[in-house]
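J.: pasted the sequence and its predicted model underneath.
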Amino acid sequence: MQTTWKGTISFGLVSIPVHLYSATKEHDVPLHQVHAKDGGRVRMKRYCEREEKEVPYAEIAKGYESPDGRTVTLTEDDLADLPLPSKKIIDVLAFVDEGEIDPLMFSKAYYVGVADKAASKPYALLRDALVESGQIAVTKIALRTRESPAVLRVHDGTLVLQTCIWPDEVRPAAGIAPEEDVTVRPQELRMARSLMTTLSEDFDLDQLHDDYQQALQQVIEARLQGVEVPHEEETGEAPDNVIDLMEALRSSLRQAQDAHPGRGREEAPAGAAEEDGADGAPAPRKRAAAKRTTDAGRAAGETGGTATGKPAGKAAGRTTARKGAPAKKTTTAKKTTTRKSATPRKAS
């Protein structure tokens, strides 16, 4: 790997000479600007407005224009001689739990390697101390023309320096999330958790790939070969206004289960299908049951008995007898006993 930065980690009175190496790379298809009419390459030239001519890169310097229009030219030597301690030293300022640094502040990552063999032991000491404590080290570093906060953490047994943005560079999120009072019902939350579980089972981040770059490469190959450019089949647009949130969640859960047949099928939470609708009204089955009960009660009131129009007492008696068979036998036995006892005895 190409060295990005050379310097020293200062850990109390311990110094660790290190080199930084870029830990990430972005894969993309290199594109450049061309003239759409004839495909000619379009190049940007460095043009001096005062001399009205192109200037070589060796004569390019950085400049700052003040509000009153004056320009200050800064050479490479000016930038290299800045009185900045973090220019060559990564000074460990504190150790904190990783959760205390908002991931929103993380920027670019660099692998930290030792500059010589003598740095191996203090390097291992800092690495093992971070692992054992479960903490990260807060530092500052100057890279190129910018000083930024950074953290030191451990990844696969290697120290990683992750640059950060300054806290005041994080924009506030006020006014972006819905400000009205939104109530999420328990059954909706349970259904959402079921969907989360289904989508998360056997998930492997390494299986993700860049569909955009793959599609772009297919278009380029088609152009080079002079064949028709492949087109993606049109898919229906997602609804922009969800009326029944519970039904949308149930449909999402079914689609996720069908799309990943190898994953365990997560059943809908118990009672979710019977819960009230998304608008707070009773679910259809509950409404139907409530209507039947109301109609039955109204009919019973009009006839003075049950919903069938028969006396309540007889109907209740028959219902009781049907539900409990032993009670019917007992009644028959009593009737038999009564008939026998009512028979007159013959005179002797």
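T.: Arrived safely. Numbering: from 1, shown residues only.
J.: shaky segments in the stretch 201-348 of the chain?
T.: 233-243, 260-348 (pLDDT under 70).
J.: what segments of the chain are strands?
T.: 3-11, 14-22, 47-48, 53-54, 62-65, 71-74, 89-91, 94-97, 106-114, 135-143, 146-155, 158-164 (DSSP state E).
J.: keeping just the C-alphas, turn the second one into PDB.
T.: Output of strand 14-22 as PDB, limited to C-alpha atoms (Å, rounded to 0.1, in the frame of the first residue of the first chain):
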ATOM      1  CA  VAL A  14       5.100   6.700  24.900                       C
ATOM      2  CA  SER A  15       5.800   7.500  21.300                       C
ATOM      3  CA  ILE A  16       4.900   5.200  18.400                       C
ATOM      4  CA  PRO A  17       6.400   6.000  15.000                       C
ATOM      5  CA  VAL A  18       3.700   5.100  12.500                       C
ATOM      6  CA  HIS A  19       2.600   5.300   8.800                       C
ATOM      7  CA  LEU A  20      -1.000   5.700   7.600                       C
ATOM      8  CA  TYR A  21      -2.500   3.800   4.700                       C
ATOM      9  CA  SER A  22      -5.800   4.400   3.100                       C
END
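J.: who does it pair up with?
T.: Looking at strand 14-22 with DSSP bridges, its partner strands are strand 3-11 (antiparallel), strand 106-114 (antiparallel).
J.: the last one too?
T.: The partner list of strand 158-164 in its sheet, established with DSSP bridges, is strand 106-114 (antiparallel), strand 146-155 (antiparallel).
J.: gap between the last one and the chain center?
T.: Read that as strand 146-155. Relative to the chain's own centre, strand 146-155 is displaced by 25 Å; criterion: Cα atoms, centre = their mean, to the nearest Å.
J.: check the first one too.
T.: With Cα atoms, centre = their mean as the basis, strand 106-114 stands 25 Å off its chain's centre.
J.: which residues touch it?
T.: 1, 4-5, 9, 16-24, 120, 123, 148, 152, 158-165 (Cβ atoms under 8 Å, 6 or more residues apart in numbering). Heads up, the C-betas are built off the backbone N, CA and C, glycines and all.
J.: Asp102 against Ile165, yeah?
T.: No. Counting by Cβ atoms under 8 Å, Asp102 does not reach Ile165; the two are 10.2 Å apart.
J.: so the two - more neighbours on which side?
T.: Just comparing Asp102 and Ile165: by other Cβ atoms under 10 Å the higher neighbour count belongs to Ile165, 13 against 10.
J.: who's in contact with that one?
T.: Contacts for Ile165 (Cβ under 8 Å, 6+ apart) come out as 105, 107, 148-149.
J.: what subset of the residues you listed is buried?
T.: 105, 148-149 (16 or more other Cβ atoms under 10 Å).
J.: what's the closest of these to Val184?
T.: Met105 (29.1 Å; Cβ to Cβ).
J.: who's in contact with the closest residue in space to the closest one that isn't next to it in sequence?
T.: Closest residue to Met105 in three dimensions, ignoring its sequence neighbours and counting by Cβ to Cβ, 6 or more residues apart in numbering: Cys164, at 4.4 Å. Neighbouring residues of Cys164 by Cβ under 8 Å, 6+ apart: 101, 105-107, 148-151.
J.: relative to Gln213, how far out is Cys164?
T.: Taking Cβ to Cβ, to the nearest Å as the criterion, Cys164 is separated from Gln213 by 28 Å.
J.: and if you look at Leu143?
T.: With distances taken as Cβ to Cβ, Leu143 is found 28 Å from Gln213.
J.: the more surrounded of those two?
T.: Taking other Cβ under 10 Å, Leu143 and Gln213 do not tie; Leu143 has more neighbours (18 against 12).
J.: surely the more buried one touches Ser22?
T.: No. Leu143 is not in contact with Ser22 according to Cβ under 8 Å; the separation is 10.9 Å.
J.: so what's in contact with the two at the same time?
T.: Thr4.
J.: one step back: any chance of the contacts of Cys164 in TSV, with pLDDT and distance to Arg46 too?
T.: Shown next, in TSV, are the contacts of Cys164 (pLDDT from 0 to 100; distance: Cβ to Cβ, whole Å):
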residue	pLDDT	distance to Arg46
Ile101	93	40
Met105	95	35
Phe106	95	35
Ser107	94	29
Ser148	94	29
Pro149	96	34
Ala150	97	33
Val151	97	38
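J.: returning to what we had before: can you tell me which of the strands paired with strand 14-22 the model trusts least?
T.: Within these, confidence is poorest for strand 3-11, with a mean of 93 (mean pLDDT).
J.: for the residue nearest to Arg223 when sequence neighbours are not counted, list the residues it contacts.
T.: In this structure, Arg223 finds its nearest non-sequential neighbour in Val229, 7.0 Å apart by Cβ to Cβ, 6+ apart. If you count contacts by Cβ under 8 Å, 6+ apart, Val229 has them with 219, 222-223.
J.: which of the residues you listed count as buried?
T.: When these are checked for burial by 16+ other Cβ under 10 Å, the buried set is empty.
J.: so which of those are in helices?
T.: If you go by DSSP state H, these have 219, 222-223 in helices.
J.: which one of these sits closest to Asp204?
T.: Distance to Asp204, by Cβ to Cβ, is smallest for Val219 among those, at 28.2 Å.
J.: residues contacting that closest one?
T.: Counting by Cβ under 8 Å, 6+ apart, Val219 touches 229-230.
J.: Phe11 now?
T.: 92, 122, 126, 137.
J.: understood, closing this out.
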